[in-house]
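S.K.: Here is the input, now give the coordinates:
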Amino acid sequence: MAGGVSTLFCHPIKGVGRCRVANTDLLAGQTMADDRIWAVTHEASRFDPANPAWAACNNFMRAAKAPGLQMIGLSRNGAEYTLKCDGRPVFSFDPDDDSQHEGFINWLAQFIPANRARPKALVKAPAQGMTDSDFPSISILSTTSLAALAQAAGKPVEMERFRGNIWLGGFAPWAERGWVGKSIRIGGAEIELREQITRCMATTANPVSGAQDIATLQLLESNWGHRQFGLYGVVTKSGPVALNDKVELL
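M.R.: Model prediction:
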């Protein structure tokens, strides 16, 4: 077994924006640093900001219902977030400053279809982060499995569609499906791999155009008999992780 870290992504605001990072520090029992520490509620959300607790993804704005959200990129400079999308005005704000939230919500509204619930508020996630799993997870994905999916699609499939944290290269396609219940060492950290990630309509949306242009779920179902791509893991040993770090199955 030989492989390594290909790409690292952080998603500070759940469902909104993404940024590549060169390294990160993983802490036992926690999500990736700064990942999904914010989320955007909508008009029908049941999330209670006065008593924040983990809530299912349908309580927040997400690309499964608003595919245009996939187009947004994010960068950070200290406390400031800058959101970008080709052809749209750039928006920068400090999410810790409540007075700037309204401007962010107004900027975000342009990406939401008219027939969908409108964005309501930017809320701080509880300590575990607002991951799609009900435990503080790190998502692990494979570039060779992505290449197999792209071959089935007959066109490139961008990794940004899957909003993963750690992309691994160098393994056989779908090898990761046999790792559930095992642990891997990445850099100085160790991660227990808990479960497969069942995918939703968000992955059909192009991260450049926002168009739903690849039937990812149907491709997975028809070629491999499932709608899963990637794994949820839990950090069991804290440590640094960086691009090109070696990955070992324990």
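S.K.: Run a quick neighbour tally on the closest residue in space to K246 that isn't next to it in sequence.
M.R.: What sits nearest to K246 in space, not counting adjacent residues and going by CB to CB, 6 or more residues apart in numbering, is G4, at 5.4 Å. All C-beta atoms are positioned from the backbone trio N, CA, C, and that covers glycine. Burial of G4 is recorded as 15 neighbouring residues (other CB atoms under 10 Å).
S.K.: G4 contacts G170, doesn't it?
M.R.: Yes. Using CB atoms under 8 Å, G4 is in contact with G170, at 5.8 Å.
S.K.: Find residues that contact each of these two.
M.R.: V247 (CB atoms under 8 Å, 6 or more residues apart in numbering).
S.K.: Could you pull up the contacting residues of I138?
M.R.: L26, T31, M32, N165, I166, I191, Y232, G233, V234, V235.
S.K.: Farthest-apart pair in those, please.
M.R.: L26 and Y232 (14.0 Å; CB to CB).
S.K.: Under a three-state scheme, what state does the residue located most distally from the centre of the chain occupy?
M.R.: Farthest-out residue of the chain from its mean C-alpha position, per CA atoms, centre = their mean: S99, at 26.7 Å. Classification of S99 by DSSP: H, G, I helix; E, B strand; the rest coil places it in helix.
S.K.: which SS state does E190 fall under?
M.R.: With three-state DSSP as the basis, E190 sits in strand.
S.K.: And the next helix or strand past the lengthiest helix in the chain?
M.R.: If you go by DSSP state H, the chain has its longest helix at helix 143-153. Counting by DSSP states H and E, the next helix or strand C-terminal to helix 143-153 is strand 166-169.
S.K.: CA-only coordinates of that next one in PDB, if you can.
M.R.: Only the C-alpha atoms of strand 166-169 are listed here, as PDB (Å, rounded to 0.1, in the frame of the first residue of the first chain):
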ATOM      1  CA  ILE A 166      -8.500  15.200   2.500                       C
ATOM      2  CA  TRP A 167      -8.000  13.700  -1.000                       C
ATOM      3  CA  LEU A 168      -5.600  10.800  -1.200                       C
ATOM      4  CA  GLY A 169      -3.800   9.700  -4.300                       C
END
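S.K.: Alpha carbons of whichever helix or strand comes after that strand, as PDB, please.
M.R.: The helix or strand immediately downstream of strand 166-169 is strand 183-186, counting by DSSP H and E. In PDB, the C-alpha atoms belonging to strand 183-186 read as follows (Å, rounded to 0.1, in the frame of the first residue of the first chain):
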ATOM      1  CA  SER A 183      -7.500   3.400  10.900                       C
ATOM      2  CA  ILE A 184      -5.000   5.300   8.700                       C
ATOM      3  CA  ARG A 185      -2.000   7.400   9.600                       C
ATOM      4  CA  ILE A 186      -1.600  10.600   7.700                       C
END
